[in-house]
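1. Kindly return the folded structure for what I paste below:
(one chain, ligands or ions: 1)
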Amino acid sequence: HHPDRSTVWVGPKGHQVPIGPDTFTFIAGPCAVETPTQTLEAAEMARAAGATLLRGGAFKPRTSPYAFQGLGVRGLEILADVRETTGLPVVTEVVDARDVAVVAEYADMLQIGTRNMANFGLLQAAGEAGKPVLLKRGMTATIEEWLMAAEYVAQRGNLDVVLCERGIRTFEPRTRNTLDISAVPIVQSTSHLPVIVDPSHAGGRRDLVLPLSRAAMGAGADGVIVDVHPDPEHALCDGPQALFGADLRALAQAVRQLPPVL
Ligand code: PEP
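-> Numbers count the residues shown, from 1 in each chain. The predicted structure follows:
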C-alpha cells in the first residue's frame, strides 16, 4: 500500500526533523541521562557536531538488575529541559507499557529497544501514544519478525515508525553484536519505513562507530544514532562505546561529506 518510501517527522510543529529518503538524519546524545549537566553537555556536543535530534535514556533496559537503571521520570524532565535549551527534539526509550503515557508526555519520539522488540503489548501501547516510534531490531530477530513488530505499532493507527538496525547476536565475541548491514537495503526494498543504524550499541566499541557509520551511509541508511558523553570514562552506562567530542566531530565530517541522495 506504500509504493514510495516514507518520511517520518519528529518534533514540535514548526521545528520538525525529517527521517527518510531525502536526508541523512544524525542523532546523538548520552546512552543514559545521568545528571542535568552531563545531559546538557552531551546535547551541546551533539548539536555543535550537527546532530538534529537528541537521544538519551531515562528508563534503561539493563542486562543486570544491579546496573544503573536510569533516572525514570526525573530523567524525562532533564531531557525536556535540555530540549528547551538546545532546541533539539528528544528520542528516549520506553521499556514498560505502563510508562508509555508519561514518556510520550515528555518525548518527541518513543524508542522501543532491542530487548522489547517483540513485547507486543508495549508495541500496541506505543502505537496509540500519538508520537513517532523508533523501533530497534531485536538482537535475535529476523528481518521478517522485525517488520511484523512494526505492524503491531502500525495496526494501532501509527504509521510513523522508523526502524533501527542495531546488530544481531552471532558467534563473534569481538563485538557486542554483529551489525547486519545487509538489513538496510533489504528493509528498504521490502518496506516504506525509514531505516537508520545504531553503530554504538551494535559494536559496543567507540573505535567502531565511525567505520560502522560509514558502512551505514554506504548501504543507504536514512541516518545514524550514536552515543556521546562529556566524560566517557565515568559514564554510568556503556562508556566504552561513547564518543569523545573529537570522535563526534570526525563522524560529523563524514556525514557532511555524504554524496547527495540520488
Ligand atoms: C539504547 O539505545 O539505549 C539501547 C539500550 O539500545 P539497544 O536496545 O539497541 O540495546
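2. what secondary structure does Gln111 sit in?
-> Counting by DSSP: H, G, I helix; E, B strand; the rest coil, the backbone at Gln111 sits in strand.
3. Now do the phi/psi pair for the residue of the stretch 51-200 of the chain at minimum distance from the ligand.
-> Residue nearest to the ligand within the stretch 51-200 of the chain: Gly113 (2.8 Å; CB to the nearest ligand atom). Bear in mind the C-beta positions are built from the backbone N, C-alpha and C, glycine included. The phi/psi pair for Gly113 (degrees, to the nearest 10) reads phi -80, psi 170.
4. All the helices of the stretch 151-262 of the chain, in order from the start?
-> 183-190, 199-203, 206-219, 245-256 (DSSP state H, counting those that start in this stretch).
5. next one: the stretch 1-150 of the chain
-> 36-49, 73-86, 100-106, 120-127, 143-155.
6. Run through the bridge partners of the residue most central in space within the chain.
-> Centroid-nearest residue in the chain: Ile225, 4.9 Å away (criterion: CA atoms, centre = their mean). Note on Ile225: beta-bridge partners by DSSP bridges are Ile27.
7. do the same with Ala32
-> Ala32 has the following beta-bridge partners by DSSP bridges: Gly57.
8. Tell me the spacing between the residue nearest to the centre of the chain and Leu53.
-> According to CB to CB, to the nearest Å, Ile225 stands 8 Å off from Leu53.
9. Now list whatever residues contact both of these two.
-> Contact criterion CB atoms under 8 Å, 6 or more residues apart in numbering; residues shared by Ile225 and Leu53: Ile27, Ala28, Val91.
10. and the first one, what does it touch?
-> So that's Ile27. Ile27 touches Ala51, Thr52, Leu53, Leu54, Arg55, Val91, Ile196, Gly223, Val224, Ile225, Val226, counting by CB under 8 Å, 6+ apart.
11. Thanks a lot, see you next time.
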